[in-house]
Structure formats: C-alpha cells, structure tokens
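Asks: Need coordinates for the following:
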Amino acid sequence: MKREDKGKRKNAKRNGFIFFIFILCIGLLILAYSHFIVPKRLDVKEYRIVDEKLKNIHGYKIAHVTDIHFGKTTTIEDLKKLVEKINLTKPNILLFTGDLIDKKTTLTEKMKEEIETVLSGLDGTILKYAIKGEDDALFSNYDFIMENAGFISLDNTYKTLYMNQNEYLFLAGLGSTKNQEKIEEAFQKTNEVLTSLEEKPLYSILLFHEPDFASNIDLTNFNLVLAGHSHGGQVRIPFVGGIIYPKYAKKYHQDKQIIQGKDFYISSGIGTTKYGFRLFNNPSFNLYRLVSY
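Replies: Numbering: from 1, shown residues only. Next comes the predicted model:
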C-alpha cells in the first residue's frame, strides 16, 4: 500500500474519532443542560377564558399548578421560587392537580416541615384546592402536609365557592386511582349532585390528574376541565412536540384542547418524573383569567 494511501486512512480515522468526540460532547452538554438548567426555570402560561356569564367576576384569576415531584429535580429553593411567582400573579384561587412529592423521594420529617412552611407562604387571600396524583397516594404524610399548608381536598368530592349571595363556582375533583371504573364511579356521584342542584352554579370546574380518564366521562355539566400528569412531554423537539408521555396521558396531552365542546387545559407542570430531564419545555404553571368578553 502506498504511503499516501496509508496517510489518508490515518487521517480519516483521526477525523472520525474527532467527530465522535465532538458529538459525544454535544450530547453530554445537552444532557447537563436539560438536567441542571431547564428544570430550574419557571414560566407562567396565561390564558383568557371567555364566557359572557362571567361578567360579575370579570378578571377573576385562577392559578393551576401540577406535578411538582419534590425530591426528583425540584428542591425547597425551587418550591420557594414557585410560591413567590404565584404570589406575584395574585390569583384568587389556586388549583393543584397532583403529584406534590416524587415516588422515589425518601420523605424526612425535615422535608415535610420545609414543604409545609414554604407552601404556607402562599398569599393568605388565595383559596387553595388540591387533588392527589398517583405518587401522592404513596405518602401517608401527604394529607397532613396539604392540610397544614391550607389546602382543601377535592379528592372525589366537590366544593361550592360563593362569589356573592346568589352566584357560586362549583369545584369538583377526581383523585388519581389508575382505574377508569373508579374514576367513573366517583364522577357519577359528583355529577348527580351538580345535576340535582336547583340553583345552578355560575361556572363549574372539574379537576383530573391523568387527562386520558376524561375520555369516558360526560362533561355536559362542566364549563372547564383541568389536568396534569403529562409534563408536556417533558422532552420536546421543535416542530415535533413532546416525545415522553406517561401512561394515561397518551391521548390528551396538549396545553389546550376542546373535548365534548369544553375547554380542557393540561399544565406541563413543575418537576420531572422517571427521567430527570426537561428540554425545550420549561417548568410552568397556568394562569387563567376569567373574562366576559
């Protein structure tokens, strides 16, 4: 073999190795960026919800928070940042759709107290309601944490929130069960109450954790449906969308869609699950402005 040919082969191998190292470095930088940088960001996604019946509460604001997954990539400092930003938006009510604590977190007494303290820092004028996610059900302390932080449970039940003497919001929640039949059973009881009310609510809101459970439920009596669990795909590709969707968020996972003629919003959430990465998908919570025009 000619010396010139050997030189070319040697150069080709060297260039191939350099290219491999370059691609490897880019990959590692992307992994580091998506694990250490993106999960520490925080966006507010704002939406106008227009309905002429809302004229007496025009401008009413609802914060929708979900999937904090404390202990995975979300720390106490991240939780403080979230509370601070929620307070800055000055919502009238806050609705939490599950997964406060990540299932792999070893929850210590110190963590429990810190979470309670930080969540108690939410503006005292904000009314706070919550349902459980599938991870929350694994922690016996969850109910105590939320109660001590001032949250009212909507797990498989409902609450009425009066705006004045005659008009009220109807808030209903379906906690995570991973069982369509149990979800339908819980929903039926709440829906029967809503249907039987002589004085109908001004506006009715239904909370889910896993959005796909909305498929087999009649949403006729509700105006607005909110869910979490999808993490917005967690890793998103420009012009393609999310690529990592958990079970029960395969059918419904877009930020906003219409199902059965109803507005259905899914928050992308705060934390991470399974894979500790977010890419092109900053942590966020939703802020809905209820307006009459």
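Asks: if I look at I183, how far off is K45?
Replies: From I183 across to K45, the span is 26 Å (Cβ to Cβ, to the nearest Å). The way it works is simple: take the backbone N, C-alpha and C, and place the C-beta from them, glycine included.
Asks: Give me the buried positions along stretch 78-93.
Replies: D78, L79, K81, L82, V83, K85, I86, P91, N92, I93 (16 or more other Cβ atoms under 10 Å).
Asks: which element is E77 on?
Replies: Element membership for E77 (DSSP states H and E) is helix 76-89.
Asks: residues in contact with that helix?
Replies: The contact list for helix 76-89 (Cβ atoms under 8 Å, 6 or more residues apart in numbering) reads 39-40, 42, 44, 61, 63, 65, 68, 70, 94, 111, 114-115, 118-119, 121-123, 126, 270, 283, 285, 287.
Asks: Tell me which of I183 and K45 has more neighbours.
Replies: Taking other Cβ atoms under 10 Å, I183 and K45 do not tie; I183 has more neighbours (22 against 17).
Asks: Now tabulate the buried residues of stretch 78-93 in CSV and tack on pLDDT and distance to D263.
Replies: Shown next, in CSV, are the buried residues of stretch 78-93 (pLDDT from 0 to 100; distance: Cβ to Cβ, whole Å):
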residue, pLDDT, distance to D263
D78, 98, 29
L79, 98, 29
K81, 98, 28
L82, 98, 24
V83, 98, 27
K85, 98, 24
I86, 98, 21
P91, 98, 18
N92, 98, 18
I93, 98, 17
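Asks: For those, work out which two are farthest apart.
Replies: D78 and N92 (24.4 Å; Cβ to Cβ).
Asks: where's E210 relative to N141, distance?
Replies: For E210, the distance to N141 (Cβ to Cβ) stands at 22 Å.
Asks: So for the two, which sits in the more crowded spot?
Replies: Per other Cβ under 10 Å, whichever of E210 and N141 has more neighbours is E210, with 25 against 16.
Asks: where's the residue lying closest to the more buried one once chain neighbours are set aside relative to R9, distance?
Replies: Nearest residue to E210, sequence neighbours excluded (Cβ to Cβ, 6 or more residues apart in numbering): Y248, at 3.5 Å. Distance of Y248 to R9, given as Cβ to Cβ: 54 Å.
Asks: count of neighbours near the nearest residue to A249 once chain neighbours are set aside?
Replies: Here the nearest residue to A249 in space, its sequence neighbours aside, is S230; by Cβ to Cβ, 6+ apart that works out to 3.8 Å. Neighbour count of S230, defined by other Cβ under 10 Å: 27.
Asks: give the contact list for S230.
Replies: S230 touches P211, G242, Y245, P246, A249, Y252, H253, I266, S268, G269, counting by Cβ under 8 Å, 6+ apart.
Asks: Throw those into a markdown table and include distance to F170, thanks.
Replies: Below are these laid out as a markdown table (distance: Cβ to Cβ, whole Å):
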| residue | distance to F170 |
| --- | --- |
| P211 | 20 |
| G242 | 31 |
| Y245 | 30 |
| P246 | 29 |
| A249 | 25 |
| Y252 | 22 |
| H253 | 26 |
| I266 | 21 |
| S268 | 26 |
| G269 | 25 |
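Asks: The residues you listed: which two are farthest apart?
Replies: So, the contacts of S230 by Cβ to Cβ: farthest apart are Y252 and G269, at 14.4 Å.
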